[in-house]
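K.L.:
A predicted structure for the sequence below; I have some questions about it.
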2 protein chains.
Amino acid sequence: MWPFELSGRESPMHIAIGVYDEFTSLDAMGPYQVLQHVPGAEVVWCAAEAGIVRDDAGLLRMEVERTFDDVPRPDILVVPGGFITRKLARERHPIVDWIAGAHEHTTYTTSVCTGALLLGSAGILDGLEATTHWAAYDDLASYGAVPTEQRVVEQGKIITGAGVSAGIDMALTLAGRLAGDEVAMAIQLAIEYDPHPPYDSGAPSKAPPAIYEMVAAINDERAADASS
Amino acid sequence: MWPFELSGRESPMHIAIGVYDEFTSLDAMGPYQVLQHVPGAEVVWCAAEAGIVRDDAGLLRMEVERTFDDVPRPDILVVPGGFITRKLARERHPIVDWIAGAHEHTTYTTSVCTGALLLGSAGILDGLEATTHWAAYDDLASYGAVPTEQRVVEQGKIITGAGVSAGIDMALTLAGRLAGDEVAMAIQLAIEYDPHPPYDSGAPSKAPPAIYEMVAAINDERAADASS
């Protein structure tokens, strides 16, 4: 039905979104909404174990049928973030080994928000520019990456997106790389992504200082809680 | 931890997101990400029956624990869309009766995308301005609503959002109404919602005509398939 075909492929392109308990929902759901429309692509959710995976609010419960072992060589990796990533990165959660192994064979390896810390822990960001949630630049730098404040950072086949909602912009960028600008524009129209936020407070440089200080403090506290 | 309190409330504010098989994931997940941060609010997912609910791509499987009967009087209703809504609206799926009954007691009744058709079927949009996905204005008008091309439309306690990704803007608007501008701005910063789409093709008036025609045709076809 979708009138595009990816040229030269006989099997579907596998786009694997790797999740874990306490991931941040929109980090994954933004790219999922975009990438499911890439022609010839098949999106696969996977986790360390099959079963229910819950998000960081504890309210979203997803049934995930595939494990990382089931999807060792996806064409595309998408890694969402969450406060818990600081701990998962430090303790080398199974997602880290999955990323390290899969990355050798991917066409693109991508992250949203603090998913970048998991890429960092997998050792694939050393010396590269990358982005993450604005509250996690120092954590990202600790893995040898060079944090930038861009919304989407492309370094060869690694694409990182900024915090939470930036996954939509990251995924549209990726869709353009995978299937061309026209397809990405069609997807943007299909999901009516013509954003008009009612406030202009979405970045540290734009938010009133008092709000920035408050949200930064909350972030630090939640990150510390999740890391302990 | 979140240093805001909603004044004058002794019990949590219940925000119910009503889902059904074949809902469009981001329609629900955008507002979910925003509204979970409203101080004093408790987000509840519900469906006609408890169990697994899948999205319109068939890849996301959510475990929903509450039924519409379990949550007859939420403070806030959020109704996502999907191609299937045209059929659900026509056949008065249980979500329609739930909306009609709950709306009498809500503080706000909201929709994203073609969720507006379910509000329309519940008889609560007659004579009111409202919005929906750009491909569904005629369907919306058939329920007596006056479609507008705004991203978010507020009419008293009814707030409707445009297609798919507009749920984020709708929910930030709602968060501002529920908890004040500062809270909404803090949430915007927390989810780093400072959008920079890599293309400017998110509305019919902005997309190249050939892309618009193509996406409109695909939408019509998917809507017809889902309605049959």
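P.N.:
Yes, it's here.
K.L.:
any low-confidence regions in chain A?
P.N.:
Along chain A, the model assigns pLDDT under 70 to residues A:1-10.
K.L.:
Please point out which parts of stretch A:87-94 sit buried.
P.N.:
A:87-89, A:93-94 (16 or more other C-beta atoms under 10 Å in any protein chain shown). Glycine gets a C-beta too; all of them are placed from N, C-alpha and C.
K.L.:
how about these, which pair is most distant?
P.N.:
Greatest spacing in those, by C-beta to C-beta: A:Lys87 and A:Pro94 (13.3 Å).
K.L.:
Helices along chain A, start to end?
P.N.:
Using DSSP state H, the helices of chain A run over A:25-35, A:85-90, A:94-103, A:115-121, A:137-141, A:166-179, A:181-190, A:209-227.
K.L.:
Report the contact partners of the nearest residue to A:Arg54 once chain neighbours are set aside.
P.N.:
Counting by C-beta to C-beta, 6 or more residues apart in numbering or on different chains, A:Arg61 is the residue found nearest to A:Arg54 once chain neighbours are left out, at 5.1 Å. Residues counted as contacts of A:Arg61 (C-beta atoms under 8 Å, 6 or more residues apart in numbering or on different chains) are A:52-54, B:62-63, B:65.
K.L.:
Would you convert those into JSON lines that also reports neighbour count?
P.N.:
Output for these, formatted as JSON lines (neighbours: other C-beta atoms under 10 Å in any protein chain shown):
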{"residue": "A:Ile52", "neighbour count": "14"}
{"residue": "A:Val53", "neighbour count": "21"}
{"residue": "A:Arg54", "neighbour count": "17"}
{"residue": "B:Met62", "neighbour count": "21"}
{"residue": "B:Glu63", "neighbour count": "15"}
{"residue": "B:Glu65", "neighbour count": "13"}
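K.L.:
Need those residues in TSV (columns: distance to A:Ala162).
P.N.:
Below are the contacts of A:Arg61 laid out as TSV (distance: C-beta to C-beta, whole Å):
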residue	distance to A:Ala162
A:Ile52	29
A:Val53	23
A:Arg54	24
B:Met62	26
B:Glu63	30
B:Glu65	33
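K.L.:
And those, which two are furthest apart?
P.N.:
A:Val53 and B:Glu65 (15.2 Å).
K.L.:
Just give me the closest of the buried residues of stretch A:87-94 to chain B.
P.N.:
A:Lys87 (18.0 Å; C-beta to the nearest C-beta).
K.L.:
returning to what we had before: looking at the contacts of A:Arg61, which one is closest to A:Ser25?
P.N.:
Distances from A:Ser25 to the contacts of A:Arg61, taken as C-beta to C-beta, are shortest for A:Arg54 (9.6 Å).
K.L.:
correct me, but the closest one touches A:Val64?
P.N.:
No: counting by C-beta atoms under 8 Å, A:Arg54 stays clear of A:Val64, with 10.6 Å between them.
K.L.:
how about a markdown table for the helices of chain A, with distance to A:Val43 added?
P.N.:
Output for those, formatted as a markdown table (distance: least, C-beta to C-beta, whole Å):
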| stretch | distance to A:Val43 |
| --- | --- |
| helix A:25-35 | 6 |
| helix A:85-90 | 21 |
| helix A:94-103 | 15 |
| helix A:115-121 | 16 |
| helix A:137-141 | 26 |
| helix A:166-179 | 11 |
| helix A:181-190 | 13 |
| helix A:209-227 | 27 |
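K.L.:
The residue nearest to A:Arg54 and B:Glu65: what is the separation?
P.N.:
Counting by C-beta to C-beta, to the nearest Å, the gap from A:Arg61 to B:Glu65 is 8 Å.
K.L.:
Please apply the same query to A:His105.
P.N.:
For A:His105, the distance to B:Glu65 - C-beta to C-beta - is 39 Å.
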